[in-house]
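Participant: I would like the atomic coordinates for the input below:
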Amino acid sequence: MSAIVSPAENAGQAPSPAAIVDTAFAYQRTFALKAAVECDIFTAIGEGNRTVHDIAESRAISKRGVRVVCDYLTTLGFLSKDLATYALAPDAAMFLDRRSPAYMGSALQFLASPGTVEYAARATDAVRTGTTADAASMAPEHEFWPLFARSMASFMALPAMLASQVAELDANAESKVLDVAAGHGEFGFAIARRFPKARIVALDWKPVLAVTRERATEAGLGQRFEELPGDAFDVEFGSDYDLVLVPNFLHHFSERTNVQLLHKISAALKPGGQVVIVEFVPNDDRVSPPTAARFAFTMLTNTEEGDAFTRADLERMLAAAGFSGVEERPLFPTPMTAIAARKQ
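Facilitator: Next comes the predicted model:
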């Protein structure tokens, strides 16, 4: 697919405003993609509706709208066009056709929600002050998090499955697993599928756990799932866990706060127990790989002190909390990384 060209990639060429213009209009990419998903255009094409007329008729939508958005998505590489017919690019066929088991279009309900966009729109204030002007989204009752749990499950299914391969449990023994900020539950579910005797304790705010419970039941894992409602920093975890999962959570907080949480996790683990952290982990230069590096900007605009932490940052936090044997596993082809360590 086409990508925004960085100034570095234009080195040696005459100065051009192209990248500036492309970036200034980049928000349109988000909403063109969201519109196509919500109008079910990718699935319509996947079903064999290849012309503007057929796509529009199959979904009872405007022919003009179909033509314009399909041409736009073709320029981005989501579709290909041959005369008057369209076809799905491989990525779109895999991840944006609702019939695909890897479908992740529902993630746009959260990623392009009004609340998410509003935070990004306040970026100037965040850059000036170094923090978000409004931390209300971290409140337990905020609608942000049930929406996240419902819409991001498909987006997280692949990294969750890959992260489960980092976990080291005895498949023949009963094990106790804590899933911190469980949300959609995918990380805990992936462990439960891989280890048939594992029992998952899902920790999250009560409104979110209603979604987690619903999804656990749908996945046939309801009997191996229990809820632990509350704030991760306040609720008592219990003890004797073999494994604690911390997926996409540490980036919301400062290093100091994360060390406090990791101390609490260490206390809940059995001796030699494992913690598996999943994060966007940039390299030490903090500008590569691009997706992980850019995630720091998301945290600047969405949190008071959050960040995208490097491996060195995470190793330092883990060591301060009494963990050792840190291992890193990139979760290709996703942009996420799993970091595993053992309680000393």
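
Participant: quick one: Val278 from Ala24, how far?
Facilitator: According to CB to CB, to the nearest Å, Val278 and Ala24 sit 33 Å apart. Heads up, the C-betas are built off the backbone N, CA and C, glycines and all.

Participant: who has more neighbours, these two?
Facilitator: Val278 (26 against 10; other CB atoms under 10 Å).

Participant: for that one, which residues are in contact?
Facilitator: 159, 163, 187, 245-248, 331, 336-339 (CB atoms under 8 Å, 6 or more residues apart in numbering).

Participant: surely it is in a strand?
Facilitator: Yes: counting by DSSP: H, G, I helix; E, B strand; the rest coil, Val278 is located in a strand.

Participant: against which helices or strands is the helix or strand hosting Val69 packed?
Facilitator: Per DSSP states H and E: Val69 is located in helix 63-76. Packing partners of helix 63-76 (3 or more CB pairs under 8 Å, 6 or more residues apart in numbering; DSSP states H and E): helix 26-38, helix 41-46, helix 52-59, strand 79-82.

Participant: ok, now with 10 Å
Facilitator: On a contact count with 3 or more CB pairs under 10 Å, 6 or more residues apart in numbering; DSSP states H and E, helix 63-76 meets helix 26-38, helix 41-46, helix 52-59, strand 79-82, strand 85-88.

Participant: buried sites along that helix?
Facilitator: Judged by neighbour count (16 or more other CB atoms under 10 Å), helix 63-76 contains these buried residues: 65-67, 69-70, 72-73.

Participant: angle of that helix against helix 52-59?
Facilitator: If you take axes from the mean of the first three to the mean of the last three CA atoms, to 10 degrees, helix 63-76 sits at 110 degrees to helix 52-59.

Participant: got the angle for helix 63-76 vs helix 26-38?
Facilitator: For helix 63-76 against helix 26-38, the angle by the same axes, to 10 degrees is 120 degrees.

Participant: quick one: helix 63-76 to chain centroid distance?
Facilitator: In terms of CA atoms, centre = their mean, to the nearest Å, the centre of helix 63-76 is found 27 Å from the chain centre.

Participant: need the buried residues of helix 63-76 in CSV with distance to Glu38 and pLDDT, can you?
Facilitator: Output for the buried residues of helix 63-76, formatted as CSV (distance: CB to CB, whole Å; pLDDT from 0 to 100):
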residue, distance to Glu38, pLDDT
Gly65, 12, 98
Val66, 13, 98
Arg67, 17, 98
Val69, 11, 98
Cys70, 14, 98
Tyr72, 15, 98
Leu73, 13, 98
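
Participant: any chance of a markdown table for those, columns distance to Ile200?
Facilitator: Shown next, in a markdown table, are the buried residues of helix 63-76 (distance: CB to CB, whole Å):
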| residue | distance to Ile200 |
| --- | --- |
| Gly65 | 44 |
| Val66 | 44 |
| Arg67 | 48 |
| Val69 | 41 |
| Cys70 | 42 |
| Tyr72 | 42 |
| Leu73 | 39 |
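
Participant: pull the helix holding Val69 out as PDB, backbone CA atoms only.
Facilitator: Extracted in PDB, the C-alpha atoms of helix 63-76 (Å, rounded to 0.1, in the frame of the first residue of the first chain):
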ATOM      1  CA  LYS A  63     -23.300   5.100  -6.800                       C
ATOM      2  CA  ARG A  64     -21.500   8.400  -6.600                       C
ATOM      3  CA  GLY A  65     -20.300   7.600  -3.100                       C
ATOM      4  CA  VAL A  66     -19.200   4.200  -4.100                       C
ATOM      5  CA  ARG A  67     -17.200   5.500  -7.100                       C
ATOM      6  CA  VAL A  68     -15.500   8.200  -5.200                       C
ATOM      7  CA  VAL A  69     -14.500   6.200  -2.200                       C
ATOM      8  CA  CYS A  70     -13.400   3.100  -4.200                       C
ATOM      9  CA  ASP A  71     -11.200   5.300  -6.400                       C
ATOM     10  CA  TYR A  72      -9.800   6.900  -3.300                       C
ATOM     11  CA  LEU A  73      -9.100   3.600  -1.700                       C
ATOM     12  CA  THR A  74      -7.500   2.400  -5.000                       C
ATOM     13  CA  THR A  75      -5.000   5.300  -4.700                       C
ATOM     14  CA  LEU A  76      -4.100   4.000  -1.200                       C
END
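
Participant: about what we covered before: so of the helices and strands packed on helix 63-76, which one's packed in deepest?
Facilitator: Neighbour counts (mean count of other CB atoms under 10 Å) averaged over each of these peak at helix 41-46, with a mean of 24.

Participant: strands of this structure, residue ranges please.
Facilitator: Ranges of strands in the chain, per DSSP state E, are 79-82, 85-88, 175-180, 198-204, 225-229, 241-247, 269-279, 323-330, 337-343.

Participant: turn these into TSV, columns for mean pLDDT.
Facilitator: Compiled in TSV, those are given as follows (pLDDT from 0 to 100):
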stretch	mean pLDDT
strand 79-82	98
strand 85-88	98
strand 175-180	98
strand 198-204	97
strand 225-229	95
strand 241-247	98
strand 269-279	97
strand 323-330	96
strand 337-343	98
